[in-house]
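Student: just a sequence and a predicted model for now, questions to come.
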Amino acid sequence: MPLSPLHRHFDVRRSATAGLVLVMLSAGILSGCALPGSGPSTKQIIEQRKTETHTNYAMVDVNDAVLSYAATRPRESLINRFGAGPRTSDLRIAVGDVVGVNLWEAPPGSLFGSNITAAGFQQSSGGSTVIPPQTVSGDRTIAVPYAGRIAVAGRTPSEVERQIAAALEGKAVQPQALVTIQRSTANSVTVTGEVASGARISLTGAGERILDAIASAGGIRAAASESIIRLTRNGVTARIPFDVLIENPAENIRLKSGDLITVVREPRTILVLGAAGRNAEIPFEASRISMADALAKAAGLNDNRADANGVFILRYELASVARRFLPAGSPLLNSGEYIPVVYRFNMKNTSTMLAMQRFEMQPRDVIYIANASGAEWQKVMAIFQGVASPALSATSIGISAAAATK
């Protein structure tokens, strides 16, 4: 049966539209690499690891062995760098220090136990005398009754105690002395940075520690999770997060004369990018955070986009850790102190999901979640629908116009 002009017109339009749609669909598929996206695919990350002449980064699939290696990552530590600090007996008296002296003698001694009170001295029962605090003079001495001028500068309090007792021998019965540094300009530390009030703190025989000095300066101004403590001693600087210092009493080491404590506000964060529930900068709200914690704070994986086999952590890893899982002879081992490493997690594997709870994140880590291949196809179809719909609408309009002229 011969076709009417209207049907012939429709067939021509339909054929033209179908051809246009096929061309557009092919173009969309062939240009898939140019589709908008939040980052490389899993395949691209694997392929871009190496070029013909260069290795860009190491790719490591996370398993129990890798977890054990990562756990050996050395932590920032003050006690490992400086030790527990000087003993209190190591503190030496200097010119300008204010020194206190207590004297005792055994009964029936009367040198320090009589009722006679010398001007400026306080006596108490039991044969003891408290000498008013004295400033160490320029000749490096202090005055002690019945002992004369005692050289104290450059000596420890215990050394001066023995020296005073020896000077009183034969004048008092079994004399003993207690010497304390009450205020010191030479034996001091400086606290500066993000504290309520920067200060110079005098050290005493009590053996002041880092937290003592920070408390004397009014405490930190920023949140504990955002504060870093830097200790500089003899030109060497080490640092530790404030919350780690609080949690580990051993890190609260004794101070040494001349130490510089600087409190720095330095928020520690992790970036979550790609096909996550939300792209976010995740702060460390505690001294430690696992990958599972960080991913949960970013609302997990996006069900419509994420490739569960393409979850990565991008990190500049310490060479001392990376060399434990890199093959011998890897050119990356010559990269210096830090080596670019991409840790890969397969979220379809239950054991890997358990490993996420044990994988400790580091500041400035990047969690990247690649798009699934199906998500790229959805983008192609979205482009196709956006372009094809006007063409189909034009066909409908053409058919309607042809019918109207019939």
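Tutor: All right, it came through fine.
Student: residue ranges with poor pLDDT in the stretch 251-400 of the chain?
Tutor: Counting by pLDDT under 70, the stretch 251-400 of the chain has low-confidence residues at 374-400.
Student: would you map the strands across it?
Tutor: Assigned strands in the stretch 251-400 of the chain, in chain order: 260-265, 269-274, 280-283, 306-318, 338-345, 366-371 (criterion: DSSP state E, counting those that start in this stretch).
Student: between the ones you listed, which one is closest to residue 73.
Tutor: Of all the strands of the stretch 251-400 of the chain, the one in closest proximity to residue 73, counting by C-beta to C-beta, is strand 306-318 (6.1 Å). Using the backbone N, CA and C atoms, a C-beta is placed for each residue, glycine as well.
Student: tell me the buried residues in that closest one?
Tutor: Under the neighbour-count criterion of 16 or more other C-beta atoms under 10 Å, strand 306-318 has 306, 307, 308, 310, 311, 312, 313, 314, 315, 316, 317, 318 buried.
Student: what lines up beside it in the sheet?
Tutor: strand 338-345 (antiparallel), strand 366-371 (antiparallel) (DSSP bridges).
Student: turn those strands into TSV, including distance to residue 267 and mean neighbour count.
Tutor: Compiled in TSV, the strands paired with strand 306-318 are given as follows (distance: least, C-beta to C-beta, whole Å; neighbours: other C-beta atoms under 10 Å):
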stretch	distance to residue 267	mean neighbour count
strand 338-345	21	19
strand 366-371	16	23
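Student: and the ones you listed as a markdown table, adding distance to residue 141?
Tutor: Listed next are these as a markdown table, based on distance: least, C-beta to C-beta, whole Å:
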| stretch | distance to residue 141 |
| --- | --- |
| strand 338-345 | 55 |
| strand 366-371 | 63 |
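Student: for residue 95, find the nearest of those.
Tutor: For the strands paired with strand 306-318, the distance to residue 95 is smallest for strand 338-345, at 47.2 Å, taking C-beta to C-beta.
Student: how far off centre is that closest one?
Tutor: Averaged C-alpha coordinates place strand 338-345 at 18 Å from its chain's average position (C-alpha atoms, centre = their mean, to the nearest Å).
Student: who's in contact with it?
Tutor: Counting contacts by C-beta atoms under 8 Å, 6 or more residues apart in numbering, the residues outside strand 338-345 that touch it are 45, 49, 56-62, 66, 291, 310-319, 322, 326, 332-333, 352, 355-356, 359.
Student: let's see that with 7 Å instead.
Tutor: Contacting residues not belonging to strand 338-345 are listed as 45, 57-62, 311-319, 322, 332, 352, 356 [C-beta atoms under 7 Å, 6 or more residues apart in numbering].
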